[in-house]
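K.L.:
Need the 3D shape of this:
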Amino acid sequence: MPTILPASPTFLALAGLLGLALGSFASCAVYRYVAELSMLKPLRSFCPKCGASLAWWENIPILSFIILRGKCHHCKAPISLRYPLIELLMAAWTAAVAWRYGFSAQWLALTAFGLLFIVASFIDFAIFILPDLLTLPGAVLAFPVAVWVLGVSWEMSLLGAAIGAGLFWTIQILYRAIRKQEGLGLGDVKLMLLIGALTGAKALPLVITVGAFSGLAASVVYMLRPGANGLKTRIPFGPFLSLGAMLYLLFGRGLV
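P.N.:
Predicted coordinates:
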């Protein structure tokens, strides 16, 4: 797909600002899903501790967190670092994709999928669930986006979806049969359906390798946390698979 406008300092800055705004939305979506609250009501953001509605100046991405010194203006309860972290990650992603693709259909599509990956990842971090609400519609949209926007052939997209989901589904069945317990959730299978369709079959070795090694590194941190259960400690795998997919989408074959 042709680039409408090349990457420029102005466009990169605007992309980063858009990413901050999307990150603010993403952090709200993560909180509301985890807390089992409506995504639409109330429309205004509120403090999770005291329930006070937030003024506009308390909703400025990153800046409000700094101004408020990480505490609610009303009840002084600490604001989770998850909010500025998601905002910064989304800003970095939109700016990085803008640098790679300029203002183009690729930038628009990958900004949307980056938002999906980040929201799904932080939900998985919080409650070990990859919502069907994100993975299944994402998988459906991944096929046309891969072919018409990213230049992946229909064959490679379909093959990627089949291999990605099939491999992880097989691992889930074998683990359950051998260990008599769940070792991999169906959410990871559905996520790999999405990732395989979006990136194509050739990307899967890199995606899985990055996911495995970054997940292994994170597992050390999880096992050192209070209350950990040694090698049986639960570790979310979705965020690390998403990391592998995002790196491939950003750097492509050069990274392979």
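
K.L.:
any chance you could map the helices in the stretch 1-150 of the chain?
P.N.:
Taking DSSP state H, counting those that start in this stretch to define them, one finds helices in the stretch 1-150 of the chain at 9-34, 63-67, 82-101, 105-127, 132-148.

K.L.:
got a list of contacts for the shortest one?
P.N.:
It stands for helix 63-67. Residues outside helix 63-67 that contact it (CB atoms under 8 Å, 6 or more residues apart in numbering): 57, 58, 60, 79, 83, 84. For every residue, glycine as well, the C-beta is placed using N, CA and C.

K.L.:
Could you rerun that using 10 Å?
P.N.:
20, 24, 54-58, 60, 71, 73, 79-81, 83-85, 87 (CB atoms under 10 Å, 6 or more residues apart in numbering).

K.L.:
Return the helix or strand in the chain with minimum mean pLDDT.
P.N.:
strand 3-5 (a mean of 60; mean pLDDT, DSSP states H and E).

K.L.:
Show me the shaky parts of this structure.
P.N.:
Residue ranges of the chain with pLDDT under 70: 1-6, 183, 227-228, 230-231, 253, 256.

K.L.:
returning to that earlier point: to residue 236, which of the helices of the stretch 1-150 of the chain lies closest?
P.N.:
When the helices of the stretch 1-150 of the chain are compared by CB to CB, helix 105-127 sits nearest residue 236, at 4.1 Å.

K.L.:
Tell me what angle the closest one forms with helix 132-148.
P.N.:
Angle between the axes of helix 105-127 and helix 132-148 is 160 degrees (criterion: axes from the mean of the first three to the mean of the last three CA atoms, to 10 degrees).

K.L.:
dump the residue contacts of the closest residue to residue 187 other than its chain neighbours.
P.N.:
Nearest residue to residue 187, sequence neighbours excluded (CB to CB, 6 or more residues apart in numbering): residue 130, at 3.1 Å. Going by CB under 10 Å, 6+ apart, residue 130 touches 120-121, 123-124, 185-191, 194, 236-239, 241-242.

K.L.:
now do residue 82
P.N.:
So residue 82 contacts 27, 30, 31, 34, 122, 125, 126 (CB under 10 Å, 6+ apart).

K.L.:
Closest one of those to residue 171?
P.N.:
residue 125 (21.2 Å).

K.L.:
Double-check the closest one against residue 234; I have them as touching.
P.N.:
No - between residue 125 and residue 234 there is no contact under CB atoms under 10 Å: 11.1 Å.

K.L.:
Looking at those two, which one has more neighbours?
P.N.:
Neighbours were counted for residue 125 and for residue 234 using other CB atoms under 10 Å; residue 125 has more, 16 against 13.

K.L.:
Grab the nearest non-local neighbour of that one.
P.N.:
Spatial nearest neighbour of residue 125, excluding adjacent residues (CB to CB, 6+ apart): residue 236 at 5.5 Å.

K.L.:
how far away is the residue nearest to residue 187 from residue 117?
P.N.:
10 Å (CB to CB, to the nearest Å).

K.L.:
picking that back up, on the three-state scheme, the residue nearest to residue 125 is what?
P.N.:
Here residue 236 is recorded as coil under DSSP: H, G, I helix; E, B strand; the rest coil.
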